[in-house]
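# any chance you could fold what I've pasted below:
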Amino acid sequence: MGAALVAAGILVSRLLGIVRNTFMARYLGAGAATDAFVAAFRIPNMLQNLLGEGALSAAFIPVYSRLLAEGRREEATRVASAVATLLGLLTALLVLAGVLFAPALVDLIADGLRGESRTLAIHFTRILFPGAALFVLAAWCLGVLNSHRRFFMGYVAPAAWNVAMIAALLWFGPRTVPAALAERLAWASVVGALLQLVVQLPAVLPLVGGFRPAVGDEGGHVRRVVRNFAPVALSRGVVQVSAFVDLRIASYLPQGMVSVIFLASQIYQLPVSLFGMSISAAELPHMSSILGEQEEAFRRLRERLDAALRRVAYFVVPSAAAFVVLGDVIVAALLQSGRFGRADTLFTWGVLAGSSVGLLAGTQARIYSSTYYALHDTRTPVLFATIRVVLGAGVALLLAFPVPRLLGIDPRWGAAGLTVASGVVAWLEYALLRARLNQRIGRTGLPGRYLLRLWGVALAAAGVAFALRVALPPLHRFVVAALVLGAFGALYLGATWAMGVAEARALAHRAGRLVSRR
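Okay, here's the model as predicted:
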């Protein structure tokens, strides 16, 4: 139930994010202003990722959830207040530094930007940085809500951020040049970040007995959070280094590729968020609350982990197949209009297909990382993330530049090479996480036969849907997407149900119950 609530909240937010990106593509296209905005957004986004949802949840939820499970609510409240206070002080200092050193940050992260793109990126970075601090505080709210099993509000709150940006695009887009529109979009992002924090406070404050600034640490629980937080933040920092390496490489690709990679990533992140993030987020407080003798605790942990892996794979495998075979249908439906033409759609499809290489590995690695965090081991994921980033940088450079030249293809296809590289090294990280955890708690992971069944059905369904796409007469892109993707989804669900796949049967049962209630 928790994963379903997380997924529902994420779905609302992500659907609005897709609407936002559709209007971004229409009014900004894939040009200099969009490249500058994307580069600028990624820089303060580093602060959000280092201190925000992933890192904070991994460090804070296991300690806070354990105190709640043991009935020590007053201590839990003091820990929550102290963590919020420390986060507020730290983010204020980092935002000030980000605003002051914006030119150096842009040159460090996106050195390939020149002229107007560089100037705009510096300006947008200074606007966006305060919003990152608000996102971090919103992540604290999310951690409190998840620990109390209030899963929906924290994940639907980003809808407020998307609504603010959509409103700016609709109001200013039809009559504003791209550079000025991107500036208004940056300001709308900050307003939306504030709204995302504010909408959560009425639910959060009663749970923690109101917010009282504090830095005390009776019982050493805050120190434990900080001690857990340091390696997790380092792990997120390693991931950010990877993202920044990709951004720096992309900035040397032909103009528009930074924008294409960003827009493709927003589509790619939909299954990652809906299934990988929702299930791992819902499982973390449950795993952290498992008590008892070690052997029994490990058995229950393995059961929860394997069940979560099955649910993730059931939804992510068809997502990856659809990105490879039907990606142009998806991209055209979501982005192709106005300044975003057919050529942009094809390159975005290539980037999306490249991303699918590591989609299953990346989402399953999230589940394994949550298991480590529940065991208060935040260092092992750091080690394996570092290995992934170091190797990934070398593979990315190879696939982005030399390979397109050797193949004699358009250098813009180097953008797809970047995402293929990320996918390849994601499998290595997943294998390392799984092998080390199996040594610690016993055998985990999905049976190969189960995965082969899912891949076989998904690829067959995608092939039939592709044939339908070819056979269709010229229709509006929305109609084509509805027919082709609807057929693909129906074939996959129907075939897996007929084969007796437990996840398909459970999904059909829940759908039947919803229909009967109406």
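
# so for the longest helix anywhere in the chain, mean pLDDT?
Assignment by DSSP state H gives helix 294-335 as the longest helix of the chain. The pLDDT scores in helix 294-335 average 90.

# centre of the chain to it, how far?
Centre-to-centre, helix 294-335 and its host chain are 13 Å apart (Cα atoms, centre = their mean, to the nearest Å).

# report the angle between the next helix or strand after that helix and helix 294-335.
Using DSSP states H and E, the helix or strand that follows helix 294-335 in sequence is helix 342-355. Orientation check (axes from the mean of the first three to the mean of the last three Cα atoms, to 10 degrees): helix 342-355 against helix 294-335 gives 170 degrees.

# identify each buried residue in helix 342-355, please.
The neighbour-count criterion (16 or more other Cβ atoms under 10 Å) identifies 344-355 as the buried residues of helix 342-355. The C-beta positions use only the backbone N, C-alpha and C, and glycine is treated the same way.

# which residues does that helix contact?
Helix 342-355 has contacts (Cβ atoms under 8 Å, 6 or more residues apart in numbering) with 25, 29-30, 256-257, 260-261, 263-265, 267-268, 323-324, 327-328, 330-332, 335-336, 412-413, 415-420, 422-423.

# out of those, list just those in helices.
Judged by DSSP H, helices contain the following of the contacts of helix 342-355: 25, 257, 260-261, 263-265, 267-268, 323-324, 327-328, 330-332, 335, 415-420, 422-423.

# are any of those buried, and which?
25, 257, 260-261, 263-265, 267-268, 323-324, 327-328, 330-332, 335, 415-420, 422-423.

# got the CA positions of stretch 12-32 in PDB?
Backbone C-alpha positions of stretch 12-32 (Å, rounded to 0.1, in the frame of the first residue of the first chain) are rendered in PDB as follows:
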ATOM      1  CA  VAL A  12       0.600  13.200 -10.400                       C
ATOM      2  CA  SER A  13       3.800  15.200 -10.100                       C
ATOM      3  CA  ARG A  14       5.500  13.500 -13.000                       C
ATOM      4  CA  LEU A  15       2.500  13.900 -15.300                       C
ATOM      5  CA  LEU A  16       2.600  17.600 -14.500                       C
ATOM      6  CA  GLY A  17       6.300  17.500 -15.200                       C
ATOM      7  CA  ILE A  18       5.600  16.100 -18.600                       C
ATOM      8  CA  VAL A  19       3.100  18.800 -19.300                       C
ATOM      9  CA  ARG A  20       5.800  21.300 -18.200                       C
ATOM     10  CA  ASN A  21       8.400  19.800 -20.500                       C
ATOM     11  CA  THR A  22       5.900  19.800 -23.400                       C
ATOM     12  CA  PHE A  23       5.400  23.600 -23.100                       C
ATOM     13  CA  MET A  24       9.200  24.100 -22.600                       C
ATOM     14  CA  ALA A  25       9.800  22.200 -25.900                       C
ATOM     15  CA  ARG A  26       7.100  24.200 -27.600                       C
ATOM     16  CA  TYR A  27       8.100  27.700 -26.500                       C
ATOM     17  CA  LEU A  28      11.900  27.300 -25.900                       C
ATOM     18  CA  GLY A  29      12.800  24.500 -28.300                       C
ATOM     19  CA  ALA A  30      16.300  22.900 -28.200                       C
ATOM     20  CA  GLY A  31      18.500  26.000 -28.500                       C
ATOM     21  CA  ALA A  32      20.900  28.300 -26.700                       C
END
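
# shaky segments in the stretch 351-500 of the chain?
Of all residues in the stretch 351-500 of the chain, none has pLDDT under 70.

# quick one: the helices in it?
With DSSP state H, counting those that start in this stretch as the criterion, the stretch 351-500 of the chain has helices at 359-374, 379-400, 402-407, 414-441, 448-471, 477-498.

# with respect to residue 148, which of the ones you listed lies nearest?
helix 359-374 (16.8 Å; Cβ to Cβ).

# which ones are touching the residue nearest to residue 143 when sequence neighbours are not counted?
Among residues not flanking residue 143 along the chain, residue 60 sits closest, at 4.7 Å (Cβ to Cβ, 6 or more residues apart in numbering). With contacts defined as Cβ under 8 Å, 6+ apart, residue 60 is in contact with 83, 140, 143, 147, 225, 229.

# repeat that for 6 Å
When contacts are counted by Cβ atoms under 6 Å, 6 or more residues apart in numbering, residue 60 touches 83, 143, 225.

# same check on residue 285?
61, 65, 146-147.

# so residue 158 makes contact with residue 13?
Yes: if you go by Cβ atoms under 6 Å, residue 158 and residue 13 touch, sitting 4.2 Å apart.

# more crowded one of these two?
With neighbours defined as other Cβ atoms under 10 Å, residue 158 and residue 13 compare such that residue 158 has more, 26 against 21.

# got a pLDDT number for the more buried one?
Listed pLDDT for residue 158 reads 83.

# quick check: it vs residue 315, distance?
Distance, residue 158 to residue 315, by Cβ to Cβ, to the nearest Å: 20 Å.

# swap in residue 285?
Shown here: residue 285 relative to residue 315, a distance of 21 Å by Cβ to Cβ.

# which strand or helix spans the residue nearest to residue 143?
helix 53-69.

# report the next helix or strand after that helix in sequence order.
Helices and strands here follow DSSP H and E; after helix 53-69, the next one along the chain is helix 73-100.

# quick one, the next helix or strand after that next one and helix 73-100 angle?
Of the helices and strands lying after helix 73-100 in sequence (DSSP H and E), the nearest is helix 102-109. Interaxial angle, helix 102-109 versus helix 73-100 (the same axes, to 10 degrees): 90 degrees.

# what is the subsequent helix or strand relative to helix 102-109?
Counting by DSSP H and E, what follows helix 102-109 is helix 116-147.

# for the residue nearest to residue 453 when sequence neighbours are not counted, the count of nearby residues, please.
Excluding the flanking residues, the one nearest residue 453 by Cβ to Cβ, 6+ apart is residue 499, at 6.5 Å. Using other Cβ under 10 Å, residue 499 has 13 neighbouring residues.

# and if you look at residue 471?
7.

# so which bits of stretch 183-202 are buried?
Quick answer for stretch 183-202 (16+ other Cβ under 10 Å): 183-197, 199-200.

# and the contacts of it?
For stretch 183-202, the surrounding residues in contact (Cβ under 6 Å, 6+ apart) are 124, 127-128, 130-131, 134-135, 137-138, 141, 157-158, 160-161, 164-165, 168, 172.

# from the middle of its chain, how far away would stretch 341-348 be?
On the basis of Cα atoms, centre = their mean, stretch 341-348 sits 23 Å off its chain's mean C-alpha point.

# show the average pLDDT along it.
pLDDT averaged over stretch 341-348 gives 88.

# what of stretch 70-88?
Stretch 70-88 shows a mean pLDDT of 79.

# hang on, the earlier thing: ranking the helices of the stretch 351-500 of the chain by burial, who's on top?
Most buried of the helices of the stretch 351-500 of the chain, by mean neighbour count (mean count of other Cβ atoms under 10 Å): helix 359-374, with a mean of 25.

# neighbouring contacts of that helix?
If you take Cβ under 6 Å, 6+ apart as the criterion, helix 359-374 is touched by 58, 62, 272, 276, 280, 283-284, 287-288, 305, 308-309, 312, 316, 320, 380-381, 426-427, 429-430, 433, 437.

# likewise stretch 97-112?
The contact list for stretch 97-112 (Cβ under 6 Å, 6+ apart) reads 39, 43-44, 121-122, 125-126, 129, 244, 247, 251-252.

# start to end distance for stretch 98-112?
End-to-end distance of stretch 98-112: 20 Å, with Cα to Cα, to the nearest Å as the criterion.
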